[in-house]
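Student: Quick one, structure for this:
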Amino acid sequence: MVGDLILHVIHVSGKRMIAQGSKGGSRGDLNQGVIIGESMLKYSTTCSIYGYWFGRVILSCHKRMGDKVVQGFALSRDILVELLRHLERDFNGVKSDKERDSIVEFANLLLFGFLLGLRGEEIMKVDISRLLKHIDVGAANTEFPHSVVSLIGRFKGKTGEQYHLLPMARVTKSGIEAGKWVDRLCHSLVRRSRLNGLV
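Tutor: Reported below is the predicted structural model:
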């Protein structure tokens, strides 16, 4: 027999055949896989976004976090104040420096994201050496006491990594005491000899 036939033999794992429905379908089980309407791409493509596990992860995300997005309300001022109140209580209640350091870094993450957020939910990294260099400059300003926070990263319209020095009120009009937490962060970094890098 002569002909222009190219035969491709592809091995499909048994687990994939079972999930896809071929194995059950051959026995009359019509309640799984493509037989009930799932896409064949889910079982035949190598693209990860059509894969079974990716679909399960996305489903899990939807069930845990939901689909409702409310812009600009990720963290309200009232929630931030309440979080800081709890963190203050925890900070005063713990005995180890390691636990205090963790609380201080989390509080500053919240403050930097809330008070210095450039857009959306993005939080830039803070350069330690520049934070320590400028901390006294803003605190000494009697008219407008502030903390100078040095963000580093890629910014829209700029080329490469850039530093942006942003002033942050030590105490906001709404009573958020950011300066106290930044001072604690600087004290913690110096005590641990973390004088360079990012936080």
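
Student: Where do the domain boundaries of the chain fall?
Tutor: 14-65, 77-191 (automatic domain parsing).

Student: what about the helices in this structure?
Tutor: 14-20, 22-26, 41-44, 52-65, 77-93, 97-115, 128-139, 178-191 (DSSP state H).

Student: mind listing what the nearest residue to residue 186 once chain neighbours are set aside touches?
Tutor: Counting by Cβ to Cβ, 6 or more residues apart in numbering, residue 135 is the residue found nearest to residue 186 once chain neighbours are left out, at 5.2 Å. All C-beta atoms are positioned from the backbone trio N, CA, C, and that covers glycine. For residue 135, the contact set (Cβ atoms under 8 Å, 6 or more residues apart in numbering) comprises 147, 148, 182, 183, 186.

Student: Which members of those residues define the maximum pairwise distance?
Tutor: The span of those, defined through Cβ to Cβ, is set by 148 and 183 at 12.6 Å.

Student: and those two? which has more neighbours close in?
Tutor: Shown here are residue 148 and residue 183; by other Cβ atoms under 10 Å, residue 148 has more neighbours (19 against 16).

Student: thinking that one is in contact with residue 139, fair?
Tutor: No - with contact defined as Cβ atoms under 8 Å, residue 148 does not count as touching residue 139 (9.2 Å).

Student: Just the closest of the contacts of residue 135 to residue 171, please.
Tutor: residue 147 (10.5 Å).

Student: who touches the residue lying closest to the closest one once chain neighbours are set aside in this structure?
Tutor: Spatially, and ignoring its direct neighbours in sequence, residue 147 is nearest to residue 182 (4.3 Å; Cβ to Cβ, 6+ apart). Residue 182 is in contact with 108, 111, 131, 135, 147, 149, 168, 170, counting by Cβ under 8 Å, 6+ apart.

Student: Using pLDDT, spot the least trustworthy of the residues you listed.
Tutor: Checking pLDDT across those, the minimum falls on residue 135 at 86.

Student: so who does residue 132 touch?
Tutor: Counting by Cβ under 8 Å, 6+ apart, residue 132 has contacts 186, 189, 190, 195.

Student: Quick check: of the residues you listed, which has the highest neighbour count?
Tutor: So for the contacts of residue 132 (other Cβ under 10 Å), the most neighbours sit at residue 189, 21 neighbours.

Student: pretty sure it is in contact with residue 198, am I right?
Tutor: No - in this structure, residue 189 is not within contact of residue 198 by Cβ under 8 Å, at 11.1 Å.

Student: so what sits against both of those two?
Tutor: residue 128.

Student: gap between residue 90 and residue 166?
Tutor: Plainly put, residue 90 is 27 Å away from residue 166 if you go by Cβ to Cβ, to the nearest Å.

Student: Contact partners for residue 176?
Tutor: Contacts of residue 176 (Cβ under 8 Å, 6+ apart): 77, 80, 81, 84, 111, 115.

Student: most surrounded residue in the residues you listed?
Tutor: residue 111 (25 neighbours).
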